[in-house]
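K.L.:
Starting from these lines, generate the structure:
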Amino acid sequence: MKRARRLSLIGIGPIGASIIKLAHNRKYQWIGAVDIDPQKRGKDLGQVAGLKRKLGVQVESSLERVLQQKPDLVIHSTVSSLEKAYPQIMECVHAGVDVISTTEELAYPYQRHNELAKRLDQQAKKNNVTVLGTGVNPGFLMDLLPLTLTGPCWEVRHLLVERRIDADLRRGPFQHKIGAGLSVVEFNQTISVGGGHVGLLESLYMVAAGLGITIDHIEESIEPMIAAAPFNGRLIAVDKGKVLGLRQSAQGYSNGHEIISLSFAAFLGLENPADRIVLDGEPTIEMVIPGGIPGDPATAAMAVNSIANVLAASAGLVTMKDLPVPRAMGSWADTEVGPYEI
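P.N.:
Below is the predicted model of the structure:
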């Protein structure tokens, strides 16, 4: 097993900042970071992340310079699109550095981006490194967690996963991503160019592969949730008739029968937010997480908690279903911040 303590980061947005804090608390050493924001360049990484101390690491504009410092592992936290993230990830691979990325389309890229996935796998093996895409969704809630719950089952006939988020409690970029405040026409235009939640299909295909199911076809839907009355939110006010958010779903069919159903609802003012998994099988299992798992801190935790598994993994492109279930190694008792303060 490779042993690494020296980390570098690509992307210091809200999730990247949380990754910095959590990894620092877990006694990893940050030796480099890169970001495209000119306001962050040249500043100390601890300051940019909101830590109470400096880390002695200057935020760079050049990934090449960061990789020259020979990190043991790079955590990549920038965009959802694999096509956009691919050049940065491949640059790390060619430098001989393991990569953990929060790029949603990397969570299970073999269906929608098979050629990119094959190239990443080939180059990772050639350079003896491991590449993993992870996060809370995709990467855990709608794929790894339900797969884990099938462990005591003799048979699984159907899987339902529902994620319900009150978007009023989330940060502004998330509200923007789900179309809050747009007109219906603007919402439809945004969806037509790839808007909405990214990762639903990646989760569906990962679950199917994990259960050995061949998916014949998939049905998808995305619809806006319209304000029946004016809504005054924490960050945004939405007029009657405008969009509060969205409801998105994907169903996977095998031999003419629906086998997997994933449902994602996120809009301002959603009541009774929760995450719910129902396995119809022998036995039938139902899990409900009241309030739901907070997305940003959980994604940061999935990245940091996966470091040990990536270091122990064989070279190549891997997914969460290929690795042991990540664990929160280490105690919060002697750290600066708790898990939901990051």
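K.L.:
From now on I want contacts and neighbour counts done on CA atoms only, so please keep to that.
P.N.:
Fine.
K.L.:
I'd say residue 304 and residue 20 touch.
P.N.:
No - counting by CA atoms under 8 Å, residue 304 stays clear of residue 20, with 9.1 Å between them.
K.L.:
Those two: which has the busier surroundings?
P.N.:
Remark: of residue 304 and residue 20, residue 20 carries more neighbours, 29 against 25, as counted by other CA atoms under 10 Å.
K.L.:
List the buried residues in stretch 230-241.
P.N.:
Buried residues in stretch 230-241, defined by neighbour count with 16 or more other CA atoms under 10 Å: 231, 236, 238-239, 241.
K.L.:
can you tell me which of those residues lies nearest to residue 141?
P.N.:
residue 236 (27.7 Å; CA to CA).
K.L.:
Now do the contacts for the closest one.
P.N.:
Neighbouring residues of residue 236 by CA atoms under 8 Å, 6 or more residues apart in numbering: residue 181.
K.L.:
roughly how far apart are it and residue 270?
P.N.:
15 Å (CA to CA, to the nearest Å).
K.L.:
ok, now residue 112?
P.N.:
Distance, residue 112 to residue 270, by CA to CA: 31 Å.
K.L.:
Enumerate every residue touching residue 46.
P.N.:
Residue 46 makes contact with 20, 52-57, according to CA under 8 Å, 6+ apart.
K.L.:
Next, give me the two most distant ones among the residues you listed.
P.N.:
Top of the distance list for the contacts of residue 46 (CA to CA): 52 and 57, 14.2 Å.
K.L.:
Neighbour count: these two, which is higher?
P.N.:
When residue 52 and residue 57 are compared for neighbours, residue 57 comes out ahead with 17 against 10, by other CA under 10 Å.
K.L.:
Report the central residue of this structure.
P.N.:
residue 135 (2.8 Å; CA atoms, centre = their mean).
K.L.:
Find the residue closest to it in space, skipping its chain neighbours.
P.N.:
The shortest distance from residue 135 to any non-neighbouring residue, by CA to CA, 6 or more residues apart in numbering, is to residue 299 (4.3 Å).
K.L.:
My guess is that neighbour contacts residue 133. True?
P.N.:
No - Residue 299 is beyond contact range of residue 133, at 10.9 Å (criterion: CA under 8 Å).
K.L.:
element containing residue 40?
P.N.:
Under the assignment given by DSSP states H and E, residue 40 is not contained in any helix or strand.
K.L.:
And the pLDDT for it?
P.N.:
Note for residue 40: predicted pLDDT of 95.
K.L.:
Same question for residue 331.
P.N.:
Looking at residue 331, the pLDDT reads 46.
K.L.:
With residue 53 instead?
P.N.:
Residue 53 carries a pLDDT value of 89.
K.L.:
show me where the stretch 1-150 of the chain has strands.
P.N.:
Secondary structure of the stretch 1-150 of the chain (DSSP state E, counting those that start in this stretch): strands at 6-10, 29-34, 59-60, 73-76, 98-101, 130-133.
K.L.:
Can you get me a residue count around residue 213?
P.N.:
Residue 213 - counted by other CA under 10 Å - has 17 other residues nearby.
K.L.:
check contacts around it.
P.N.:
For residue 213, the contact set (CA under 8 Å, 6+ apart) comprises residue 254.
K.L.:
Can you verify it is assigned to a helix?
P.N.:
No - Residue 213: not assigned to a helix; according to DSSP: H, G, I helix; E, B strand; the rest coil it is coil.
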